[in-house]
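J.: Got a predicted structure plus its sequence, pasted below:
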Amino acid sequence: MHSKIYLDNQATTPVDPRVLEAMLPYFTEHYGNPASRNHYFGWVADEAVEIAREQIATLIRSAEKEIYFTSGATESINLALRGVVEMYRKQGNHIVTVATEHKAVLDTCVDLEQQGCAVTYLSVDRTGLVDPEKVRKAITDRTILVSVMHANNEIGVVQPIGEIGKICHEQDVLFHVDAAQSVGKLPVDVQKMQIDLLSVSAHKMYGPKGIGALYIRRKHPRVRIKPQITGGGHQRGIRSGTLPVPLVVGLGEACKIAVSGMESEAKRILALREKLYTGLSAEIPNLLLNGHPDRRLPGNLNLSFGGAEGEALIMGMPDIAVSTGSACTSSIIAPSYVLKALGRTDDQAYSAIRFGIGRFNTAEEIDRTIDIVVKTVNRLKKLNRK
Ligand SMILES: *Cc1c(COP(=O)(O)O)cnc(C)c1O
């Protein structure tokens, strides 16, 4: 009779009912194309798009004109990295990034290396943090872009973005931030943090899948990028294609909810995470926390359960949706490169589980999770001892 417990909110989040409600009229009633300039249906759609742009801009403290809609953070990241590389070729070809970035950044960097770019992949300390001084030292005359994520999707670690932004601006290098995990959950201020390009995803913040945004700074400095999708000249030619108005409205509404609710939600979710960690630590010896103890997303808990393999643990708890510290790459299971970058052993990485707590989780679900995880770990450890 017990229902499933969703604790994988770093993979994706459910759409908030308020978001869905805001979206619905734009499927059936207000179905105009926002690019239709000469009739009512187009105007209504265009107005909705502009309100959404404003809602995103308010959340990250940018101007509306600096927001471009994309299909998600992966596209935003591609547009930022490739767009800058192609536009600033004459100034240089060097990119600085971090070993623990999301694959959307790392795979794009590998592709850019094949096109003649040089990429520096900075290492992190044992807690997952990158030292801003390492960024400063990595910058050369040929560096055009630094790309660092705000919050990590596996271990939740929050990088010192403001300090890195300051260094980038002192050195006249553009700064891109993958903020897919942080926007809506942590304060993001592109002015204070001196960010030039910022990638956002709606489905990580209770909005719909298939929509994201890229912030592109217009002043101090004015960032220019080469469009990657052409045809029609929508969004000032930076990203052509008819805008998916219902999704755009959904992203806007998700941002609006975050503006008013972020602080209290972070507190509530942090309390649930502490409850989970305390409950598990009390019953399971030798738990290992992956990532910095405090400088992490409120909802993220990544733990290694020495002696019980992550995959087996997950299989043993079909009612709990979590994720392991490993990834399937071409059908072989490899330990997570993020956990390896922290200096974890293969065994520690294979025994890792990521718990992602979100807006709709309850204290009762956390209690049940503690109960189920403890029982499953004990059962597996007993089996392994035989
Ligand atoms: C989910 C995620 C992405 C990719 O976002 P999509 O919108 O799914 O393309 C990029 N970076 C991080 C850190 C993420 O968590």
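T.: Right, received. Where do you want to start?
J.: What is the burial count for residue 283?
T.: Using other CB atoms under 10 Å, residue 283 is surrounded by 15 other residues. C-beta coordinates here come from the backbone N, C-alpha and C atoms, glycine included.
J.: which ones are touching it?
T.: By CB atoms under 8 Å, 6 or more residues apart in numbering, residue 283 lies in contact with 370, 374.
J.: Look up phi and psi at it.
T.: When read as degrees, to the nearest 10, the backbone of residue 283 gives phi -110, psi -20.
J.: what pLDDT does it get?
T.: On pLDDT, residue 283 comes in at 96.
J.: quick one: the helices in the stretch 201-350 of the chain?
T.: Applying DSSP state H, counting those that start in this stretch to the stretch 201-350 of the chain gives helices spanning 245-283, 310-315, 337-341, 346-350.
J.: Could you do the stretch 51-200 of the chain as well?
T.: Assigned by DSSP H, counting those that start in this stretch, the stretch 51-200 of the chain shows helices spanning 73-87, 103-114, 132-138, 161-170.
J.: what's the closest of these to the ligand?
T.: With CB to the nearest ligand atom as the criterion, the ligand lies closest to helix 73-87 of those, at 3.1 Å.
J.: what about that closest one, near the ligand?
T.: Yes - contact of helix 73-87 with the ligand (CB under 6 Å from any ligand atom) involves 73-74.
J.: For that helix, buried residues please.
T.: Buried residues in helix 73-87, defined by neighbour count with 16 or more other CB atoms under 10 Å: 73-85, 87.
J.: mind listing what residue 312 touches?
T.: Counting by CB under 8 Å, 6+ apart, residue 312 has contacts residue 380.
J.: Ok, the one 4 residues further on next?
T.: For residue 316, the residues meeting the contact criterion (CB under 8 Å, 6+ apart) are 376, 379-380.
J.: and those, which are buried?
T.: Burial by neighbour count, judged by 16+ other CB under 10 Å, picks out 376, 380 from those.
J.: Now render the contacts of residue 316 as CSV, adding secondary structure and distance to residue 212.
T.: Formatted as CSV, the contacts of residue 316 follow (DSSP: H, G, I helix; E, B strand; the rest coil; distance: CB to CB, whole Å):
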residue, secondary structure, distance to residue 212
376, helix, 36
379, helix, 41
380, helix, 39
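J.: Pick out whichever of the contacts of residue 316 sits closest to the ligand.
T.: residue 376 (26.7 Å).
J.: Just want the phi and psi numbers for the residue nearest to that closest one when sequence neighbours are not counted.
T.: Once flanking residues are discounted, residue 376 sits nearest to residue 316: 4.3 Å by CB to CB, 6 or more residues apart in numbering. Note on residue 316: backbone dihedrals following degrees, to the nearest 10 are phi -80, psi -10.
J.: going forward, begin numbering at 12 instead of 1
T.: With 12 as the first residue, the last one maps to residue 327.
J.: Okay, residue 327 and residue 386: tell me how far apart.
T.: 9 Å (CB to CB, to the nearest Å).
J.: wait, residue 107 sits on residue 156?
T.: Yes - Residue 107 is within contact range of residue 156, at 7.4 Å (criterion: CB atoms under 8 Å).
J.: what touches both of these two?
T.: Joint contacts of residue 107 and residue 156 (CB under 8 Å, 6+ apart) are residue 184.
J.: List the buried residues for stretch 33-52?
T.: For stretch 33-52, burial by neighbour count (16+ other CB under 10 Å) applies to 33-34, 37, 41, 43, 45-46.
J.: where does residue 385 land on pLDDT?
T.: Residue 385 carries a pLDDT value of 96.
J.: helix, strand or coil for it?
T.: The three-state label for residue 385, taken from DSSP: H, G, I helix; E, B strand; the rest coil, comes out as helix.
J.: residues in contact with it?
T.: Here residue 385 is in contact with 291, 294-295 (CB under 8 Å, 6+ apart).
J.: 6 Å instead?
T.: residue 294 (CB atoms under 6 Å, 6 or more residues apart in numbering).
J.: if we can go back for a sec, hey, which of the helices of the stretch 212-361 of the chain is tucked in deepest?
T.: Burial of the helices of the stretch 212-361 of the chain is given as mean neighbour count (mean count of other CB atoms under 10 Å); helix 348-352 ranks first at a mean of 22.
J.: just to revisit the earlier point, can the buried residues of stretch 33-52 go into CSV with extra columns for pLDDT and distance to residue 281?
T.: Listed next are the buried residues of stretch 33-52 as CSV, based on pLDDT from 0 to 100; distance: CB to CB, whole Å:
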residue, pLDDT, distance to residue 281
33, 98, 27
34, 98, 29
37, 98, 34
41, 98, 38
43, 98, 43
45, 97, 39
46, 96, 43
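J.: tell me which of those residues is nearest to residue 348?
T.: residue 34 (35.8 Å; CB to CB).
J.: re the thing from before, kindly reformat the buried residues of helix 84-98 as JSON lines and extend each row with pLDDT.
T.: Shown next, in JSON lines, are those (pLDDT from 0 to 100):
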{"residue": "84", "pLDDT": "98"}
{"residue": "85", "pLDDT": "98"}
{"residue": "86", "pLDDT": "98"}
{"residue": "87", "pLDDT": "98"}
{"residue": "88", "pLDDT": "98"}
{"residue": "89", "pLDDT": "98"}
{"residue": "90", "pLDDT": "98"}
{"residue": "91", "pLDDT": "98"}
{"residue": "92", "pLDDT": "98"}
{"residue": "93", "pLDDT": "98"}
{"residue": "94", "pLDDT": "98"}
{"residue": "95", "pLDDT": "98"}
{"residue": "96", "pLDDT": "98"}
{"residue": "98", "pLDDT": "98"}
